[in-house]
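Enquirer: generate coordinates for the sequence data below:
(chains A and B)
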2 protein chains.
Amino acid sequence: MVQKPSIPKGTRDFSPEQMMRRNYIFDTIRTIFQKYGYEPIETPAMENLSSLTGKYGEEGDRLIFKVLNSGDFLKNVNPELLSTINSIKLTSEIAEKGLRYDLTVPFARYVVQNRNDITFPFKRYQIQPVWRADKPQKGRYREFYQCDIDVIGSNSLLNEVELIRIIDEVFEKLNIKATIKLNNRKILSAIAQIIDAPDKLVEITTAIDKLGKIGINKVNEELLRKGLTQEKIEFIKPIINLAGSNITKINNLKELLVDNEDGTQGITELQTIINLIEDLKLSAKVVIDLSLARGLNYYTGAIIEVVADDVEIGSICGGGRYDDLTGIFGLPDTSGVGISFGADRIYDVMKEKQLFKEQIQSTTQVMLVNFGGTEGIYALSVLAEIQKAGIRAELYPDSAKMKKQMKYADKKSISNVLLIGDEEMKSGYYTLKNMNTGEQQKVNLTELITILKD
Amino acid sequence: MVQKPSIPKGTRDFSPEQMMRRNYIFDTIRTIFQKYGYEPIETPAMENLSSLTGKYGEEGDRLIFKVLNSGDFLKNVNPELLSTINSIKLTSEIAEKGLRYDLTVPFARYVVQNRNDITFPFKRYQIQPVWRADKPQKGRYREFYQCDIDVIGSNSLLNEVELIRIIDEVFEKLNIKATIKLNNRKILSAIAQIIDAPDKLVEITTAIDKLGKIGINKVNEELLRKGLTQEKIEFIKPIINLAGSNITKINNLKELLVDNEDGTQGITELQTIINLIEDLKLSAKVVIDLSLARGLNYYTGAIIEVVADDVEIGSICGGGRYDDLTGIFGLPDTSGVGISFGADRIYDVMKEKQLFKEQIQSTTQVMLVNFGGTEGIYALSVLAEIQKAGIRAELYPDSAKMKKQMKYADKKSISNVLLIGDEEMKSGYYTLKNMNTGEQQKVNLTELITILKD
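Expert: The predicted structure follows:
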């Protein structure tokens, strides 16, 4: 029986070319994480469903991939329950594991489970795939990588500053022009308190976000429609209209929220961060953006989001501070702050902007043509010498037609081809062909290694 | 509700220390794979169950983790089927995806699916986790990494030689003393033909394996019990008793199997490989071992297995040649050869033999003590300069008690601590403390960078 090969929708294979580019991104991020003193951990792909459910909202629970219990999973299921044909109820009976939905909840679980072995503040990074049963669409996959970096056990704002510096260094290194947007949950809370409508926060941040596109009058109309009174709208208009430099924004906010404790603290935090990074001369722009409201029920202080300039793809990095992430697993009052880099979107940005350089392909540096027989065996010994010198090299495995071997080198973007025929074998001088220029030269082993080492 | 955190049995978290050691193993293997011209691919964690089932035998099918279909998975299930309470039948109705069980079948699927974009011979490597619902026990996990390397589309024995060279280089680099065992499926087939009992092959290879422990008489008894006639046993006794150098073994086998076509070809293949690697002076011992029968229904030529000397842990690497792996997916007659490194067992060997060097921990090189206030802000700017020079450094985020900060540096095995108090800030000469020797010295920024760069 012959099967037509396919993979589940929303998942992807990665070809060598894609892999080398992806690894370049991961290696860049990893190296920078380590430079700032963060250490790697990994958690299992499968977590107990009890660790995952209830952490991502009702919609999130639905999107977790559940793993069927092994063996006779129906053995202990009540036949009556079975006869009700209720997928949701049956799930909890036949599946006790699920695939990791993000890296944050497994990290919280890890911290609590290993709290006695961890030195706090714990600075960790984690680069692993996550799975979501989302409807697949352009740029949204059911399996994708997250690159998370968090500090837990310290409420110093230096951590926020450090994460912003890391964001800046990553995108500078990758040549991506980026804007870092900052907000603070406490300021949003203050606004909600002032308008007596904590449940309307999402509407307000959406309205702020739309200001540039639809203008203040339309925003006004929309907020009225959403149930805010004109009086409240008048009060927050200056907030929606907030413009100018970061310092101007902070000064205006200070005036507007002067009587609100949360607001004042949020502004102080924002100002401290802005002041500290001012001295560090970052490459990326940093802007205060009150429309930033990601993970509203989750973050308690700083909210951070990064977008690539001139690319319409959404955020490529984001995060914030959370004061009680580990509480649900039994470790309360442990403040943390973290961000997550979206490797897939970063890849897409780099592809669109043509930022992948040729050198990222760490392919074979030289291919030895296989003439078979004694020449083939001789070539094998030359190959071993070249590789011993640390050069990436391969001998074509079959003594196939020259044309076929050259085509292979060409397809694999191998820049150099070495020919060792009978004559070359006797003289010890081999023919080295540069595949880019077509030039040929005769070289001995020492010369060959010197040329390839460059 | 507070949950006691836990992970599914048979799975593991990896701490920073473990991760750095694991990454050292993966990086070593990856670098060597690339040096030999192999390119990376990755495939999704989830495959369609139709791609996985039937490839690993009945037992294997049972051990595949199945992923529950998303949404209302019972919607289209026949209520009658549900009422029979048959887990196996229900599985195929409610789960169409499964977790990768190994890297070989996904690789075969990948090759066929992408055959038009691939340049053959295709040399690929793949380092990813796999999942098996095996009973967890010491050294056996439900999630573990495989490091696979295969050439597909070439039947040259140079590929076998290359893989053996790669094995040798990997274990030499990791400082693991290893023995590479070689066999050939065609020789085993010849033996089966000669005794007219192809179904007794497993018994024979087991008997050969036991010879050293129980002696020829007990092996004889066992084979009789297993149903072989004394006449057949007499015939294969010289094979079971095969000893001496590789060349002696080959010469003896030649005599014994002289009339058998398969046998003769198998011996020629084995001899060619042995001759070619003889010239290359490997570090590992290479021995012909006819008891080697892994994946008997799968391999068609060379069979390779590696064990660590003086460590009782089973094989740490293995593989062989398969002539029709891609046939099931619609691409017949494509010969391939590959091996798989078992990262978890390699880790265990290195731990037991204490082969992990201190340097593998790529931890922070210097920690700056945080005195808070102006000193803290000044330290942040020094930190930025040090990091710009490529040094892994961190500033303790809180202005906590000195003792706490020093303990943090100690726990994280940070070798250097930098103190910048009021006096140091004014003079530009900082106090650098070596945590290993306890020595202190005064250094300016330039000196500091020079010292840490060493």
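Enquirer: quick one: the nearest residue to A:Asn436 once chain neighbours are set aside from chain B, how far?
Expert: Beyond its immediate neighbours in the sequence, the residue positioned closest to A:Asn436 (CB to CB, 6 or more residues apart in numbering or on different chains) is A:Ser415, lying 5.8 Å away. C-beta: built from backbone N, CA, C; applies to glycine. A:Ser415 is 13 Å from chain B, where distance means CB to the nearest CB, to the nearest Å.
Enquirer: so A:Ser415 sits against A:Gln365, correct?
Expert: Yes: in terms of CB atoms under 8 Å, A:Ser415 counts as a neighbour of A:Gln365; the distance is 6.8 Å.
Enquirer: tell me where the stretch 51-200 of chain A has strands.
Expert: Ranges of strands within the stretch 51-200 of chain A are A:66-67, A:97-99, A:122-131, A:143-152, A:178-184, based on DSSP state E, counting those that start in this stretch.
Enquirer: just how off-centre is the fourth one within its chain?
Expert: In terms of CA atoms, centre = their mean, to the nearest Å, the centre of strand A:143-152 is set 7 Å apart from its chain centre.
Enquirer: could I get the average pLDDT for it?
Expert: Per-residue confidence for strand A:143-152 averages out to 97 on the pLDDT scale.
Enquirer: ok, back up a step: quick one: closest of the strands of the stretch 51-200 of chain A to chain B.
Expert: The closest approach between chain B and any of the strands of the stretch 51-200 of chain A, judged by CB to the nearest CB, belongs to strand A:66-67 at 4.3 Å.
Enquirer: what is that closest one packed up against?
Expert: Contacting strand A:66-67 under the criterion 3 or more CB pairs under 8 Å, 6 or more residues apart in numbering or on different chains; DSSP states H and E are the following elements: strand A:97-99, strand B:66-67.
Enquirer: so which of these is nearest A:Tyr36?
Expert: A:Tyr36 lies closest, by CB to CB, to one member of the helices and strands packed on strand A:66-67: strand A:97-99, at 29.6 Å.
Enquirer: tell me the secondary structure at A:Glu47.
Expert: Secondary structure assignment for A:Glu47 (DSSP: H, G, I helix; E, B strand; the rest coil): strand.
Enquirer: related to what we said a few turns ago, make CSV out of the strands of the stretch 51-200 of chain A and add mean neighbour count.
Expert: Formatted as CSV, these follow (neighbours: other CB atoms under 10 Å in any protein chain shown):
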stretch, mean neighbour count
strand A:66-67, 26
strand A:97-99, 25
strand A:122-131, 22
strand A:143-152, 22
strand A:178-184, 23
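Enquirer: could those strands go into JSON lines alongside distance to B:Ile233?
Expert: JSON lines is the format used below for these (distance: least, CB to CB, whole Å):
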{"stretch": "strand A:66-67", "distance to B:Ile233": "48"}
{"stretch": "strand A:97-99", "distance to B:Ile233": "50"}
{"stretch": "strand A:122-131", "distance to B:Ile233": "53"}
{"stretch": "strand A:143-152", "distance to B:Ile233": "54"}
{"stretch": "strand A:178-184", "distance to B:Ile233": "75"}
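Enquirer: just the helices in the stretch 351-454 of chain A please.
Expert: If you assign secondary structure with DSSP state H, counting those that start in this stretch, the helices in the stretch 351-454 of chain A sit at A:373-388, A:402-411, A:422-427, A:445-453.
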